[in-house]
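Novice: Mind looking at a prediction? Sequence and model below.
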Amino acid sequence: MNGNEERLWKLLGEWNIPVLPMAAASSADAAVEAAKTLGYPVVMKVLSPDITHKSDVGGVILDLGSDKEVKDAYHGMMASVKQHQPEARIEGVVLQKMAGPGLEVIVGAKLDPQFGHVIMFGLGGIFVEICRDVSFRVTPVDREMARDMVLEIKGSPIIEGARGRESADLEAIIDVITALSSMLEKNPDITEIDINPLVVYSRGSVAVDARMLTR
Amino acid sequence: MLGNGFPSPVYAVNPKATDILEQTCYPTVLDIPGPVDMAVIVVPISHALAVTEECGQKGVKGIIMVTAGFSEVGGEGKQLEEQLMGIVDRYGMRLIGPNTLGVVNAHAGMNASIISKLPAKGGISFITQSGTLGLALADWTMEMGIGLNIVVSTGNKANVDDVDLLEYLADDKQTDVIAMYIEGIDHGRKFMELAKGISKPILAVKAGRTRSGSKAVFSHTGSLAGLDNVYSAAFKQAGIIRIENIDDLFDSALALSVQPAPAGNRVGIISNGGGASIIASDTCERLGLAIPDLEPGTRAEIKELVPRFASYSNPVDTAGLASYETYNGIVKHMLRDPNIDALIVIYVHTVMWDSRIPANAIVDIHRGRCIKPVITCWLGGAGTEAGIDILKAGGLPNYPVPERAVKALASLVKHNGFLEKVKE
């Protein structure tokens, strides 16, 4: 992990933003041991201070379900990363328990030169990329404001459980938005941050992936 | 300044002329015999700094610097502006501009701008970042008969900025509504904090809506949090009503300056023609305003006032009737109805009726200091003028089409929402 990434996951933990259990490994055998401890299925990500776009170099493999799959994935990943980016230092891999299926949302923030930190909320995947169905608030964001910003997007009926779908935990989303707001207040050097996706269940949520930029 | 009857002495300064418009002309500001409070500087840029220096020596407190060619042209202009600010700060003066088209204060009878004449006195003050637009608008409000108080073209905002002006207008007794045309704000957070604490309605048109977000593609948030989204969020949080375009800005400002904020979003509509009330209802729905049912008692009262085939539920349609008794009675009953927070009264002009009669019918009620807002729409151009004059004189904002009336009402509702939720 590069320094920022390490700090990011540490920050998420400190501010009680739920993350999946993870473990690092620097050999195929160690990876199998780690996967067993975490419990299958797992995700494998390359561990390197030099790589920012992991999936572009074959550095992310999802849904590994057995010891053999983990072992093969480890060797495959090392070969692929070396081929794509030979100069990158590789420290091994990080294994993370796979998140169960839930509603994917995005919670992010940006430092605006005029208004300071601005928090964004939206539904994940196509909703954010194509429909731009997102809402914004200038920090600090309290629970009431966070609730408004979630319910303000056009797709909010999906969160409340439209068409027979199970509803997603609105309070858990509000927890993450307000935690992010407090975290930004204490960390003014963060210029951009995305928790994407935050997977939301009928009870609770988990930050599956995140990235951060600092100045 | 002279043509508008400004009550205090006005001195002309020019190094060559001995008199301008029959006024004695002084070679420099230092030659003026009496004290000088404010200077309007309209000199070539090569003389701007020297003249400012003289103003400082004279003890001038405020400067309106119309002269352009400063930071807006970049390079050398930027340095000149820094030097200008050095002089202003040294003497403890305040300066509007440079590159401003001036300041108007209708209540003080002061027109220190290039607007041809003073606008009518009213409760709307207008801060504009675009000089030419502000002036065009001031002319337009005169035509519309909208009263203004202060109009400021901010220019480069080198000294006095949006925050200063907002602070001033918040305390200004003659200002009921603050309207703004904004291209960009320099101290966003401070501006927000200040606006939050102001209970007077603040309306803003923010130019550059379509400008896309930053090009950075590091994160989704980074690419989506463009200027426009951020401004929208900040305005909403500060209780600033964001308005899409210029005519809506003054439509809303007018309604807010003469009518109270409604307690909620439930609208009653009265019309003597079905078409206009359908347009009004559709617009209400689109803007999130409700058209609730009337109390049975109200319906029964209205039924007595309209023909059998007319609609006596909301929206009420008098089926053509526009008599004094009909309009006066219906408006009275609807205002009393607990389900109704605000009224839109529409009159569609036909040769059968005199537009003054329904106008008098509602102005007479409104004189009794109504706490629910009433917005009017006298439709039909020629023949409605006499009625509209009565409405205006009675403090009722009138709009030529139903959509504009509803949009203005929606701003009133929004302001009330902010008063309950945002304003400190």
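Specialist: Yep, that arrived.

Novice: Which positions within stretch A:75-87 qualify as buried?
Specialist: Neighbour-count burial for stretch A:75-87 flags A:77-78, A:81, A:85 (criterion: 16 or more other C-beta atoms under 10 Å in any protein chain shown). Yep, even glycine has a C-beta here, placed from its N, CA and C like the rest.

Novice: Then stretch A:84-104?
Specialist: A:85, A:90, A:92-99, A:102-104.

Novice: repeat for stretch B:3-11
Specialist: B:4, B:6, B:11.

Novice: Tell me the one among the residues you listed nearest to B:Q129.
Specialist: Nearest to B:Q129 out of the buried residues of stretch B:3-11 is B:N4 (C-beta to C-beta; 24.3 Å).

Novice: I'd assumed the closest one was in a helix, is it?
Specialist: No: looking at B:N4 with DSSP: H, G, I helix; E, B strand; the rest coil, it is coil, so not inside a helix.

Novice: related to what we said a few turns ago, okay, the buried residues of stretch A:75-87 in a markdown table with secondary structure and distance to B:H333 next?
Specialist: Converted to a markdown table, the buried residues of stretch A:75-87 look like this (DSSP: H, G, I helix; E, B strand; the rest coil; distance: C-beta to C-beta, whole Å):
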| residue | secondary structure | distance to B:H333 |
| --- | --- | --- |
| A:M77 | helix | 77 |
| A:M78 | helix | 82 |
| A:V81 | helix | 78 |
| A:Q85 | coil | 78 |
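
Novice: On the three-state scheme, A:M120 is what?
Specialist: Once three-state DSSP is applied, A:M120 turns out strand.

Novice: Was I right to think it contacts A:D112?
Specialist: No: in this structure, A:M120 is not within contact of A:D112 by C-beta atoms under 8 Å, at 11.1 Å.

Novice: Kindly tell me how buried B:G380 is, as a neighbour count.
Specialist: B:G380: 17 surrounding residues under other C-beta atoms under 10 Å in any protein chain shown.

Novice: who's sitting farthest from the centroid in chain B?
Specialist: The centre of chain B is farthest from one residue, B:R308, which by C-alpha atoms, centre = their mean lies 42.8 Å away.

Novice: Local confidence estimate at B:I340?
Specialist: B:I340 is assigned 97 on the pLDDT scale.

Novice: which ones are touching the nearest residue in space to it that is not next to it in sequence?
Specialist: Among residues not flanking B:I340 along the chain, B:G268 sits closest, at 4.2 Å (C-beta to C-beta, 6 or more residues apart in numbering or on different chains). Neighbouring residues of B:G268 by C-beta atoms under 8 Å, 6 or more residues apart in numbering or on different chains: B:291, B:294, B:314-316, B:334, B:337, B:340, B:342-344.

Novice: Show me chain A divided up by domain.
Specialist: A:21-97, A:103-214 (automatic domain parsing).

Novice: any idea which of the buried residues of stretch A:75-87 is the one closest to B:K16?
Specialist: Closest to B:K16, out of all of the buried residues of stretch A:75-87 and judged by C-beta to C-beta, is A:Q85, at 73.9 Å.

Novice: thought the closest one was touching A:V57?
Specialist: Yes: between A:Q85 and A:V57 there is a contact at 5.2 Å, judged by C-beta under 8 Å.

Novice: okay, and the common contacts of the two?
Specialist: A:I51.

Novice: Could you check how far B:G288 is from chain A?
Specialist: 12 Å (C-beta to the nearest C-beta, to the nearest Å).

Novice: is it fair to say that residue lies in a strand?
Specialist: No: judged by three-state DSSP, B:G288 forms no part of a strand; its state is coil.

Novice: residues from chain A in reach of chain B?
Specialist: A:106, A:108-110, A:112, A:114-116, A:118, A:120, A:122, A:128-129, A:132, A:134-138, A:145, A:192-194, A:196, A:211, A:213 (C-beta under 8 Å from any C-beta of the partner chain).

Novice: So B:K58 sits against B:P33, correct?
Specialist: No: using C-beta under 8 Å, B:K58 is not in contact with B:P33, being 11.2 Å away.

Novice: so where's chain B shaky on pLDDT?
Specialist: For chain B, residues meeting the criterion pLDDT under 70 lie at B:208-227, B:367-369, B:424.

Novice: And it, what are its domain boundaries?
Specialist: According to automatic domain parsing, the ranges for chain B are B:12-96, B:102-258, B:267-421.

Novice: Of all these, which one is nearest A:W15?
Specialist: domain B:102-258 (17.1 Å).

Novice: What are the boundaries of the strands in the stretch 101-250 of chain B?
Specialist: B:102-105, B:110-113, B:121-128, B:148-153, B:177-182, B:202-206, B:240-242 (DSSP state E, counting those that start in this stretch).

Novice: any chance of those in CSV, plus mean neighbour count and distance to chain A?
Specialist: Output for the strands of the stretch 101-250 of chain B, formatted as CSV (neighbours: other C-beta atoms under 10 Å in any protein chain shown; distance: least, C-beta to the nearest C-beta, whole Å):
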stretch, mean neighbour count, distance to chain A
strand B:102-105, 23, 25
strand B:110-113, 23, 28
strand B:121-128, 23, 17
strand B:148-153, 26, 21
strand B:177-182, 25, 11
strand B:202-206, 23, 12
strand B:240-242, 24, 12
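
Novice: quick one: which of these is nearest A:L151?
Specialist: Of the strands of the stretch 101-250 of chain B, nearest to A:L151 by C-beta to C-beta is strand B:240-242, at 19.3 Å.

Novice: Lovely, talk soon.
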